[in-house]
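S.K.: Give me coordinates for this.
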Amino acid sequence: MPDDLRYVLLLFALFVVPRALQRLRLPAAITSFLLGAAAAFSGRDLIPAGPTLPLLATFGISAMFLVAGLEVNVADLRRGARVIGEHLAIRAALLVAAGTVVAATLDIGARPAALVALALFTPSTGFILDSLPSLGVGRDEQFWIRAKAIATELLALAVLFVTLQSTSLSRFGLATAALVVLVVVLPLLFRLFAARIAPVAPNSEFSFLLMLAVVAAYVTKQLGVYYLVGAFLVGASAQFLRQRVPALSSEQLVHAVEAFASVFAPFYFFNAGLSLRPADFSTRALLVGAGLLALCVPLRLGLVLVHRARAFRQPWRAGVPVAVALTPTLVFSLVLAEILRDRFAAQPWLVGALIIYTVGNTLLPGFVLRDRGVPELDAMTPGPHERGGHDERTLAPGAPRTPGAGPPGARPLEPSSG
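M.R.: Numbers count the residues shown, from 1 in each chain. As a prediction, this is how the structure comes out:
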């Protein structure tokens, strides 16, 4: 079969089949991933060889984490600082405990054990944010899902960087210095673009932001911390400079980046599926994966429910939508499974168990939340008399952007403090 026909069939498979199967509550990302696994297991030369597919996959993972970085809102994080701080403290303790248990149980080093713990307990922010409009959660719930997912991802990226660069003090120092340089240079590049390029090249913000994300992703990949760190830093830097360079974090630009990510993300998931091998899914992998689902998912749900019940003084059932929505670990687990295989020579059964675990927990929100319907008002949101007399639908300054919640510029509700 000619290569061009193979690419046509691949495009059809990635853009049509996942959308058609969404009515069965299968996320498009999972379908793309399973299509890649099916192609890998078929034993046939179905995919053209060469750098094209890996390049498209790089665009996909970079765009997803660029979107996640653009969602960082310091004002929102400050407004929910107490609850978010408690949430991060719980997550940090959970990572330490899980890493210790994994290292002792599997008899592996501290660094791969830390990566396994991250794979088990880090929510996939980009996937979660993209799924929010279809999960039937209210606006107040959406705020906490966004804030907790983004804050947890920031913690996970920091742990990932330290874990991968801690082979020696000199390596850690050089990598940290390089990352600091990147953090310092990015705002300078944004300001230079706004002052010198944007005035003479209208509508170039999208291409500049995207290419800068890809370059930064490549830089951090060379540092040994994978593509996602660089792309996330570019998005976060653009968001931090929204007052000085508003064009780089406008609603229109964010929507354009999200559309770009929706086009190229399937290539990442398909390519990730291609890396799987039949040996990854031995009986041991199936049993361990099922055990992880039975143990880790209830643990994660329970911690969020108990924390929210205490923080907001509400029945624990009221926190179910937030807890369930934060369950998927898809992207982080896939990335870390790849790192464990390539850099730490992880056993195939461990890689397979992580894959089974992430596919299972990623399917959960679609089946649990989709039929809830979006409530007009959240039960935990104070009424007008508790808000100083203004109507509940009054939009609060600095609230996060919510797709589908109104026209561009409309701002959703501020979070309730309980």
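
S.K.: Run through the strands of the stretch 301-418 of the chain in chain order.
M.R.: Counting by DSSP state E, counting those that start in this stretch, no segments of the stretch 301-418 of the chain form strands.

S.K.: Quick check: which ranges of it have low pLDDT?
M.R.: Residues of the stretch 301-418 of the chain meeting the criterion pLDDT under 70: 370-418.

S.K.: Equivalent analysis for the chain, please.
M.R.: Along the chain, the model assigns pLDDT under 70 to residues 43-44, 370-418.

S.K.: dump the residue contacts of the most centrally placed residue in it.
M.R.: Nearest to the mean C-alpha position of the chain, by CA atoms, centre = their mean, lies residue 125 at 2.7 Å. Listed by CB atoms under 8 Å, 6 or more residues apart in numbering, the contact partners of residue 125 are 68, 71, 149, 150, 152, 153. In short, each C-beta sits where N, CA and C put it, glycine included.

S.K.: The residues you listed in helices, which ones?
M.R.: Among the contacts of residue 125, DSSP state H puts 68, 149, 150, 152, 153 in helices.

S.K.: ok, of those residues, which one's closest to residue 302?
M.R.: Nearest to residue 302 among the ones in helices among the contacts of residue 125 is residue 152, at 16.2 Å by CB to CB.

S.K.: quick one, what contacts that closest one?
M.R.: The contact partners of residue 152, taken as CB under 8 Å, 6+ apart, are 87, 88, 91, 122, 123, 125, 326.

S.K.: Please report the distance of it from residue 263.
M.R.: 27 Å (CB to CB, to the nearest Å).

S.K.: And for the helix or strand hosting residue 19, what's in contact with it?
M.R.: In the assignment (DSSP states H and E), residue 19 maps to helix 17-21. By CB under 8 Å, 6+ apart, the surrounding residues in contact with helix 17-21 are 26, 28, 29, 31, 32, 35, 266.

S.K.: Give me the buried stretch members for the very next helix or strand once past it, please.
M.R.: With elements assigned by DSSP H and E, the helix or strand that comes after helix 17-21 is helix 28-41. Within helix 28-41, the residues that count as buried by 16 or more other CB atoms under 10 Å are 28, 29, 30, 31, 32, 33, 34, 35, 36, 37, 39, 40.

S.K.: now the fifth one: how far from residue 18?
M.R.: Taken as CB to CB, the spacing of residue 32 relative to residue 18 amounts to 5 Å.

S.K.: How about residue 324?
M.R.: Distance, residue 324 to residue 18, using CB to CB: 22 Å.

S.K.: what's the neighbour count on residue 6?
M.R.: Counted with other CB atoms under 10 Å, residues neighbouring residue 6 total 14.

S.K.: where's it, which helix or strand?
M.R.: helix 3-15.

S.K.: which residues are in contact with that helix?
M.R.: Contact with helix 3-15 is made by 32, 35, 46, 47, 48, 52, 266, 267, 270, as judged by CB under 8 Å, 6+ apart.

S.K.: residues in contact with the third one?
M.R.: Under the criterion of CB under 8 Å, 6+ apart, the contact partners of residue 46 comprise 6, 39.

S.K.: now, which of the buried residues of helix 28-41 sits nearest residue 312?
M.R.: residue 29 (31.0 Å).

S.K.: From residue 173, how far out is that closest one?
M.R.: The gap separating residue 29 from residue 173 is 37 Å, by CB to CB.

S.K.: do the same with residue 129
M.R.: Residue 129 is 34 Å from residue 173, where distance means CB to CB.

S.K.: Between these two, which is the more surrounded one?
M.R.: Neighbours were counted for residue 129 and for residue 173 using other CB under 10 Å; residue 129 has more, 23 against 11.

S.K.: count of neighbours near the closest residue to the more buried one other than its chain neighbours?
M.R.: Leaving aside its sequence neighbours, residue 129 sits nearest to residue 71 (CB to CB, 6 or more residues apart in numbering; 5.9 Å). When neighbours are counted by other CB under 10 Å, residue 71 registers 23.

S.K.: How about residue 66?
M.R.: Counted with other CB under 10 Å, residue 66 comes out at 32.

S.K.: so it sits right up against residue 231, yeah?
M.R.: Yes: taking CB atoms under 8 Å as the definition, residue 66 is a contact partner of residue 231 at 4.7 Å.

S.K.: residues shared between the contacts of those two?
M.R.: Taking CB under 8 Å, 6+ apart as the contact rule, residue 66 and residue 231 both touch residue 213.

S.K.: isn't residue 338 right next to residue 275, touching?
M.R.: Yes: using CB under 8 Å, residue 338 is in contact with residue 275, at 6.5 Å.

S.K.: and the biggest helix by length in the chain, how far out from the chain's middle?
M.R.: Secondary structure of the chain per DSSP H: the longest helix is helix 283-312. Its chain's C-alpha centre and that of helix 283-312 lie 18 Å apart, by CA atoms, centre = their mean, to the nearest Å.

S.K.: Summarise which helices and strands it is packed against.
M.R.: The contact analysis (3 or more CB pairs under 8 Å, 6 or more residues apart in numbering; DSSP states H and E) places helix 283-312 against helix 81-106, helix 110-121, helix 320-325, helix 348-369.

S.K.: ok, now with 6 Å
M.R.: Secondary-structure packing of helix 283-312 (3 or more CB pairs under 6 Å, 6 or more residues apart in numbering; DSSP states H and E): helix 320-325, helix 348-369.

S.K.: ranking the ones you listed by burial, who's on top?
M.R.: Ranked by mean neighbour count, these are led by helix 320-325 with a mean of 23 (mean count of other CB atoms under 10 Å).

S.K.: Show me how far the helix or strand encompassing residue 170 is from its chain's centre.
M.R.: Using DSSP H and E, residue 170 sits in helix 169-192. In this view, helix 169-192 has its centroid 23 Å away from the chain centroid, taken as CA atoms, centre = their mean.
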